[in-house]
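Below are the sequence and a predicted model; questions follow.
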Amino acid sequence: MQVCRTISQLQRALAALPRPLGFVPTMGYLHEGHLSLVRQARAENASVAVSIFVNPTQFGPQEDLARYPRDLARDRKLLAEAAVDLLFAPEAEEMYPPGFATWVEVKGLSEHLEGAFRPGHFRGVATVVTKLLNLFRPERAYFGEKDAQQLAIVRRLAADLNLGCTIVGLPTVREADGLALSSRNVYLSPEERQRAPLLYRSLKAGYDLWRQGERRTARIIDEVRRTLQAESKAFRVDYIALVDEETFQEMEFVERPARLLIAARLGRTRLIDNLPLK
Ligand code: PAF
């Protein structure tokens with residue numbers, strides 16, 4: 001596996017890679033969720049490239065940029081074992097040199113839910129993803145459904161900016177007890193880790209109600225909230241929402257493919273999860 005730290009190294013390495021190219025952007029500290037994206041990319045493309053970049057512009061001033069977990073040596077080993085051809089791991093100055101002044105904003109999809117609780121987050125994500133897709137020019141790029149709003153935003157920007165790349169979304173990978181894999185799970189204390197799967201169980205209660213035929217959003221959301229609060233007072237809920245799968249607009253009745261979403265804080269850790277209703 002070739003490792004590039006600069007854009008000029010990357011451009012030379014990309015020129016030599018057989019096409020089609022599958023690309024997996026990450027912030028590192030890889031887990032099985034990332035590796036499932038890499039495996040899918042490996043199965044569908046002649047070459048696979050991965051980026052590891054803890055993108056500073058998608059973190060708010062009070063967020064966890066400084067303590068975000070990093071282990072490049074371990075990540076490199078995992079990616080080499082997964083037969084990745086190229087790893088791009090730039091420093092922040094390489095991606096945002098002095099004078100950087102261009103931002104990508106996806107209106108309508110970015111302001112609510114995660115966007116409301118993390119102002120500026122999606123501007124940072126949309127900008128770095130556009131830069132990465134522009135640098136790699138992959139035929140396919142792979143993203144997890146765990147960050148469902150991010151995935152909807154990336155689909156929108158790839159279409160709007162004619163990036164010529166197919167965006168592939170893959171299902172959330174979970175621990176045996178249902179907790180969605182996330183690099184941030186390392187922040188959880190042992191006691192919080194035991195409690196954390198309740199987030200998934202609460203979503204599942206709403207999902208089960210929908211499966212039984214309930215179509216009123218308010219009832220489904222109530223069920224999620226009730227399940228969470230009945231079992232633990234430890235979570236501070238940011239939002240529970242049911243939205244159209246594509247537009248991410250809230251709906252009164254579930255009549256189209258939809259997604260049930262939750263974001264909550266457990267101690268100092270903010271967790272998000274979602275389930276598709278389709
Ligand atoms: O999902 C992530 O890890 C990041 O938001 C991404 C897409 C790599 C952009 O920094």
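In hand now; what should we look at?

interface residues of the protein facing the ligand?
Pro25, Thr26, Met27, Asn55, Gln58, Val125, Val128, Val129, Asp147, Gln150 (CB under 6 Å from any ligand atom). From N, CA and C alone the C-beta is placed, and that goes for glycine too.

OK, contacts around the last one?
What it means is Gln150. By CB atoms under 8 Å, 6 or more residues apart in numbering, the contact set of Gln150 is Glu114, Phe122, Val125, Phe143.

would you turn those into JSON lines with distance to Ala16?
Output for those, formatted as JSON lines (distance: CB to CB, whole Å):
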{"residue": "Glu114", "distance to Ala16": "38"}
{"residue": "Phe122", "distance to Ala16": "34"}
{"residue": "Val125", "distance to Ala16": "29"}
{"residue": "Phe143", "distance to Ala16": "26"}
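
I'd like those residues written out as TSV, with distance to Val84, pLDDT and neighbour count added.
Listed next are the contacts of Gln150 as TSV, based on distance: CB to CB, whole Å; pLDDT from 0 to 100; neighbours: other CB atoms under 10 Å:
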residue	distance to Val84	pLDDT	neighbour count
Glu114	28	98	23
Phe122	27	98	25
Val125	22	99	26
Phe143	16	99	22
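
In strands only, show me these.
Phe143 (DSSP state E).

Return the closest of the contacts of Gln150 with respect to Ala258.
Of all the contacts of Gln150, Glu114 has the smallest distance to Ala258: 16.8 Å, by CB to CB.

From Arg70, how far out is the nearest residue to Pro119 once chain neighbours are set aside?
Closest residue in space to Pro119, ignoring its immediate chain neighbours: Gly60 at 6.5 Å, by CB to CB, 6 or more residues apart in numbering. Distance, Gly60 to Arg70, using CB to CB, to the nearest Å: 19 Å.

next one: Gln9
Relative to Arg70, and taking CB to CB, Gln9 is found at 20 Å.
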